[in-house]
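1. 3D model of this:
(chains A and B)
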Amino acid sequence: MSCKQGSCGGGSCGGADRPAAEAATACHDDRDWAPASEGIVENEASRREFLCALAGCAAALAGGCSEITHTPFFQKRFRELSAEERAAFVADLEREHSARFHKPVKVGLQEAKEGVLFGYALDISRCIGCRRCVYACVDENNQSRDPQVHWIRVLEMEKEKGIDFAHANAYYEADTVPRPGHFYVPVACQQCENPPCVKSCPVGATWKEPDGIVVIDYDWCIGCRCCMSACPYGARHFNWKEPEIPEAEMNPNTHALGNRPRMKGVVEKCTFCIQRVRDGRYPACVEVCPVGARKFGNLLDPSSEVRYVLEHKRVFVLKGELNTRPKFFYFYGL
Amino acid sequence: MRTSIVSLWGLFAMLACGCQPDHGEGPLWSGGTTASPAPASDMEIEVPPPPFTEGVFPCTDCHDPEIPVNARRRAMKTAHQEIVLEHDQEHRWCLDCHSAENRDKLHLASGELVDFTESYRLCGQCHGDKYRDWRAGAHGRRSGNWDGKKTYLLCVNCHNAHAPAFRPLKPKPAPRRPQRADQPSGAPAESASQEGAHQ
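-> Residues are numbered from 1 along each chain as shown, chains lettered A, B, ... in the order given. The predicted structure follows:
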């Protein structure tokens, strides 16, 4: 939670720093889930007013602490921020991350484009399970190296059994892939049109953007992990510890709702590389795939690659019976 | 969809008769060290140059046009011994694709000569379904912008034309299994190594 302390101006409010996240991670520290303090169970408005007043006192006591420009603890949810507040928010993040990683870090706010609904298609007749996409994703999206967070899991399945999650193996090791008799199904966030994770979030910290990307407000996430249990694809990942990103490998091109460095105690997931695709670029996994199995584009554009796949190939979605309506499609290109 | 295909074919037809596209950006699909942009329909598309072995092109450096061509099917003795044809080798031979009249070019079944930068037209003669998918973006790898300028790889950037089957690759390391609280950090889970070993 370095970011909170960094922006508090002399640590005057360090003691009140993010009790909700502390409570959420308590189970990992093998502490009992202690009943929350009065301040947390009180209704939202009065708690907020009280804390704001407290912050005011603290600032006054600190002797005219004029450096407080952004205090995530007192910040509204991302979706409620005005344009000016968002700009101030990312400016603070940029300053903080630039200092931490010793290079200029950009935290973008690119919004969804009109008439764009992102879709993804993956050719499972081509995928060879080489996991290049997994590590390209880690590099692009600043996932924690230790503890290890992978947004893409490549499942190895047996050709005899077909798509069978019960017998799938994500931990296969081999000298060369594909291994005979096996095929590979990489699974990341399916960017559902009807996302169960969004419905399950008790605080509204995750939602579907107009271009179809399901995003997370890391500052609003309380780390309860309800979304993780609601997701039928295992696509959401929790930061059990402070994420560790080597300075040299940190990708400084980030987005406020995507690959900016996360903190301990929040959930993260694939965003179709929101920082790239909203600039018109392909996601990192598409560009790295050595067999060209990954296709990406605008579902509303009849001439896009994904639309060609949907119209000409045999396509399926994972767990279609759950009515999650994924925008991540699997197809047989052969 | 239909209009973009038609316009692409139109551009190909223009090329085939030696015309320049109206945009004057240079020839479509031209190769070279830096591929030139080729506006097709409303998108800009680049292709990288073909992956020649160093010093192998132009072929006429060695293949002197004055020397008569030996069209007999035979084992290579003085050059190109490293090429092992695994591409319908019972029926195919060098000069089915490489032109005997202009050694720096390939030729189609019709006899039309094509540059190495346009080798996809040659491949597309037999692999029409892949060619169609490649042009639409469903086969092969693209990079760049999903809504604008992008780069397609040529068939030969991924497939060795003489042995086109995709070679198996060494996979990147498996993810670490989720740690249990009672396990020391960083210790590989036992079951993971067992699973790797038994296959």
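2. please identify which helix or strand holds the closest residue to A:Asp301 other than its chain neighbours.
-> Using Cβ to Cβ, 6 or more residues apart in numbering or on different chains and skipping residues adjacent in sequence, the residue nearest A:Asp301 is A:Arg307, 6.5 Å away. (Glycine included, C-beta is placed from N, CA and C.) A:Arg307 belongs to helix A:305-312 when assigned by DSSP states H and E.
3. what are the contacting residues of that helix?
-> With Cβ atoms under 8 Å, 6 or more residues apart in numbering or on different chains as the test, helix A:305-312 has contacts from A:119-121, A:295-299, A:301, A:315, A:329, A:331, A:333, B:1, B:133, B:136-138, B:142, B:146.
4. surely A:Thr324 and A:Lys199 touch.
-> No - here A:Thr324 does not reach A:Lys199: they are 10.4 Å apart, not a contact under Cβ atoms under 8 Å.
5. give me the number of residues near the closest residue to chain B within the stretch 51-200 of chain A?
-> As assessed by Cβ to the nearest Cβ, chain B sits closest to A:Glu173 within the stretch 51-200 of chain A, at 3.1 Å. Residues lying near A:Glu173 (other Cβ atoms under 10 Å in any protein chain shown) number 15.
6. distance of it from B:Thr60?
-> According to Cβ to Cβ, to the nearest Å, A:Glu173 and B:Thr60 sit 49 Å apart.
7. now the strands for the stretch 151-300 of chain A?
-> In the stretch 151-300 of chain A, the strands defined using DSSP state E, counting those that start in this stretch lie at A:153-158, A:182-187, A:206-208, A:214-216, A:237-238, A:253-255, A:267-268, A:294-298.
8. so of the ones you listed, which one's packed in deepest?
-> Mean neighbour count (mean count of other Cβ atoms under 10 Å in any protein chain shown) peaks for strand A:294-298 among these, with a mean of 25.
9. direction included, what does it pair up with?
-> Paired strands of strand A:294-298, with direction, are strand A:118-123 (antiparallel) (DSSP bridges).
10. can you tell me the average pLDDT over the strand it pairs with?
-> Average pLDDT, strand A:118-123: 98.
11. buried residues, it. List them.
-> For strand A:118-123, burial by neighbour count (16 or more other Cβ atoms under 10 Å in any protein chain shown) applies to A:Phe118, A:Gly119, A:Tyr120, A:Ala121, A:Leu122, A:Asp123.
12. the closest residue to the second one other than its chain neighbours and B:Pro65, how far apart?
-> The spatially closest residue to A:Gly119, leaving aside those adjacent along the chain, is A:Leu299, at 3.9 Å (Cβ to Cβ, 6+ apart). If you measure A:Leu299 against B:Pro65 using Cβ to Cβ, the figure is 53 Å.
13. neighbour count: those two, which is higher?
-> Neighbour count, other Cβ under 10 Å: between A:Leu299 and B:Pro65, A:Leu299 has more, with 19 against 11.
14. list the contacts of the nearest residue to A:Arg294 once chain neighbours are set aside.
-> In space, and not counting its chain neighbours, A:Arg294 is closest to A:Val286: 4.4 Å by Cβ to Cβ, 6+ apart. Applying Cβ under 8 Å, 6+ apart, we find A:Val286 in contact with A:Arg294, A:Lys295, A:Phe296, B:Arg142, B:Ser143.
15. can you redo the residues you listed as JSON lines with distance to A:Lys106 and pLDDT?
-> JSON lines is the format used below for these (distance: Cβ to Cβ, whole Å; pLDDT from 0 to 100):
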{"residue": "A:Arg294", "distance to A:Lys106": "25", "pLDDT": "97"}
{"residue": "A:Lys295", "distance to A:Lys106": "28", "pLDDT": "97"}
{"residue": "A:Phe296", "distance to A:Lys106": "22", "pLDDT": "97"}
{"residue": "B:Arg142", "distance to A:Lys106": "25", "pLDDT": "91"}
{"residue": "B:Ser143", "distance to A:Lys106": "21", "pLDDT": "91"}
